[in-house]
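Asks: Got a predicted structure plus its sequence, pasted below:
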Amino acid sequence: MNKQNSYLGPLFIIGILFFILGFVTWVNGTLIAFFQKAFNLDNASSYLVTFAFFISYTVMAIPSSYVLKKVGFKNGMSVGLLVMAVGTIIFAPAAKMASYPMFLIGLFSIGIGLTILQTAINPYVTILGPRESAAQRISIMGLANKGAGIISQVVIGGLLLSGTTAASQEEELDKVVGPYLILTAVLVGLALLIKLSKGLPEVDDEEESPIEETGVASTRKTSVFQFPNLVLGVITLFCYVGVEVIAGDTIIAYGVSLGFPEEEARLFGTYTLWAMMAGYIIGIILIPKYVSQQVWLRFSAILGIVVTIIAATTTGFISVLCIAILGLAHAVMWGAIWPLAIEGLGKFVKTGAALLIMGISGGAILPIVYGYVADAIGSTQQAYWVMVPLYLFILYYAVSGHKKHSW
């Protein structure tokens, strides 16, 4: 068996894990609309779903690296899956107690498990195959992630956002118990599969950080905060994750607020994910053969600004469709921002990576900002203007911010 074929089995397992990541992450938009109805929440309160889920990345970014050093990357994946299972099973007593705070605790626990899992599986995409084709594998994993998100919104959305509008709160909340118990069983089963798998190699520090010695300038610096490209990159990643989560997780509730039936609006989130998948495919084809990552990041930021303005100034389905098109703008932002932010870090690359993971907290904080603005002005549509300055900062970083290597 040649070396390339020997990677297929482990990559298949990693692909399943990226699928799970996408499934539990992109169902949040459905949960926001579901909890908003079940608990009669205002916009800001409903977006505590994304806060509880994504703030765990900030809390666990550095601790997860210690966990992985203690138990190893392979066992770390099992630990992450089991922590996620704890979070999903909390949904059952939360439903019986009709407790929104307990649901948020469950989401926070899922997020903690996801942070450990994501920290563990990302290095495998690089080492399971030639490094020169790593970007292609990352894009394929991205397709698996977003494809899972589409399935989760169709399946879970069909279960939670359907049926009579006159159902009691108890009947509404009972809908969530079965799917999340099944998800718990799947997560536990996958944890055992990873634990018993003999095809996954262990990742050592050298494999994990192949770029660590490339930062010549880092030898003259004493703090990670002396790298403007990193600090500005963390802020840019914060802005990017914020706009991505706003576009992906508010669109269902936005559609309902415009008067679309829940049965129709529950599918709006899949439109955003389809747009992101199209962006991945375009990126695979164009980058870097025809266009650089920096140029594509500029284009993505400009597209985000233009489409957001159109979404805020048009009506009906056109406005909803514009929010979905933002998925195209977001598709390759993560992959474009990350290498620009860690360039030249050298021995500081691991600390820099942890700070970038903390930038994911944009998905926790910025949707709540959107919700507060929507409540304050009484318009979920006009609240989308909060995304314009975020895209402007991303554009600044793409044009000149990433070039700054001293303050």
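Replies: On my side now, so go ahead.
Asks: going forward, measure contacts and count neighbours with C-alpha atoms only.
Replies: OK.
Asks: How about the contacts made by Met387?
Replies: By C-alpha atoms under 8 Å, 6 or more residues apart in numbering, the residues touching Met387 are Val243, Ile305, Thr308.
Asks: who touches the helix or strand in which the second one is found?
Replies: When you say that, I think you mean Ile305. Following DSSP states H and E, one finds Ile305 within helix 293-313. Applying C-alpha under 8 Å, 6+ apart, the external contacts of helix 293-313 come out as 287, 318-323, 325-326, 328-330, 332-333, 336-337, 381-382, 384-385, 387-388, 391-392, 394-395, 398-399.
Asks: Out of those residues, which end up buried?
Replies: Listed as buried from the contacts of helix 293-313 are 287, 319-323, 325-326, 328-330, 332-333, 336-337, 381-382, 384-385, 387-388, 391-392, 394-395, 398; burial here means 16 or more other C-alpha atoms under 10 Å.
Asks: Mark which of those residues are part of helices, please.
Replies: Using DSSP state H, the subset of those located in helices is 319-323, 325-326, 328-330, 333, 336-337, 387-388, 391-392, 394-395, 398.
Asks: Next one, pLDDT for the nearest residue to Ile112 once chain neighbours are set aside please.
Replies: Distances taken as C-alpha to C-alpha, 6 or more residues apart in numbering place Ser56 nearest to Ile112, at 5.3 Å, with adjacent residues excluded. pLDDT, Ser56: 92.
Asks: Can you name the next helix or strand after the strand or helix carrying Leu356?
Replies: Using DSSP H and E, Leu356 maps to helix 349-358. As assigned by DSSP H and E, the chain's next helix or strand after helix 349-358 is helix 362-377.
Asks: what is the mean pLDDT for that next one?
Replies: Helix 362-377 comes out at a mean pLDDT of 96.
Asks: Please apply the same query to stretch 333-348.
Replies: According to the model, stretch 333-348 has a mean pLDDT of 85.
Asks: Alpha carbons of it, in PDB - could you do that?
Replies: Output of stretch 333-348 as PDB, limited to C-alpha atoms (Å, rounded to 0.1, in the frame of the first residue of the first chain):
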ATOM      1  CA  MET A 333     -11.400  34.700   5.400                       C
ATOM      2  CA  TRP A 334     -10.200  32.300   8.100                       C
ATOM      3  CA  GLY A 335      -7.600  30.700   5.800                       C
ATOM      4  CA  ALA A 336      -6.500  34.100   4.600                       C
ATOM      5  CA  ILE A 337      -6.200  35.900   7.900                       C
ATOM      6  CA  TRP A 338      -4.400  33.100   9.800                       C
ATOM      7  CA  PRO A 339      -1.100  32.900   7.800                       C
ATOM      8  CA  LEU A 340      -0.800  36.700   7.600                       C
ATOM      9  CA  ALA A 341      -1.200  37.000  11.400                       C
ATOM     10  CA  ILE A 342       1.400  34.400  12.300                       C
ATOM     11  CA  GLU A 343       4.000  35.400   9.700                       C
ATOM     12  CA  GLY A 344       7.400  36.000  11.300                       C
ATOM     13  CA  LEU A 345       6.400  34.900  14.800                       C
ATOM     14  CA  GLY A 346       9.000  32.200  15.100                       C
ATOM     15  CA  LYS A 347       9.200  31.000  18.700                       C
ATOM     16  CA  PHE A 348       6.000  33.000  19.600                       C
END
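Asks: Would you mark the buried spots in it?
Replies: Of all the residues in stretch 333-348, those buried under the rule 16+ other C-alpha under 10 Å are 333, 336-338, 340-348.
Asks: got those residues as a markdown table, with distance to Pro261 columns?
Replies: Output for the buried residues of stretch 333-348, formatted as a markdown table (distance: C-alpha to C-alpha, whole Å):
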| residue | distance to Pro261 |
| --- | --- |
| Met333 | 32 |
| Ala336 | 37 |
| Ile337 | 38 |
| Trp338 | 39 |
| Leu340 | 43 |
| Ala341 | 43 |
| Ile342 | 45 |
| Glu343 | 48 |
| Gly344 | 51 |
| Leu345 | 50 |
| Gly346 | 53 |
| Lys347 | 54 |
| Phe348 | 51 |
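Asks: so which two of the residues you listed are the farthest from each other?
Replies: Met333 and Lys347 (24.8 Å; C-alpha to C-alpha).
Asks: quick one: contacts for Met77?
Replies: Ile116, Leu117, Ala120, Ile121, Ala191, Ile194.
Asks: Report the distance from the helix or strand hosting Phe12 to the chain centre.
Replies: Phe12 is part of helix 8-25 when elements are defined by DSSP H and E. Put simply, helix 8-25 sits 14 Å off its chain's centre (C-alpha atoms, centre = their mean, to the nearest Å).
Asks: Packing partners of it?
Replies: helix 100-127, helix 134-160 (3 or more C-alpha pairs under 8 Å, 6 or more residues apart in numbering; DSSP states H and E).
Asks: Of the ones you listed, which is nearest Ala94?
Replies: Distance to Ala94, taken as C-alpha to C-alpha, is lowest for helix 100-127 among these, at 5.3 Å.
Asks: Run the angle between the closest one and helix 349-358 for me.
Replies: Helix 100-127 and helix 349-358 are oriented at 140 degrees to each other (axes from the mean of the first three to the mean of the last three C-alpha atoms, to 10 degrees).
Asks: Appreciated, that's everything.
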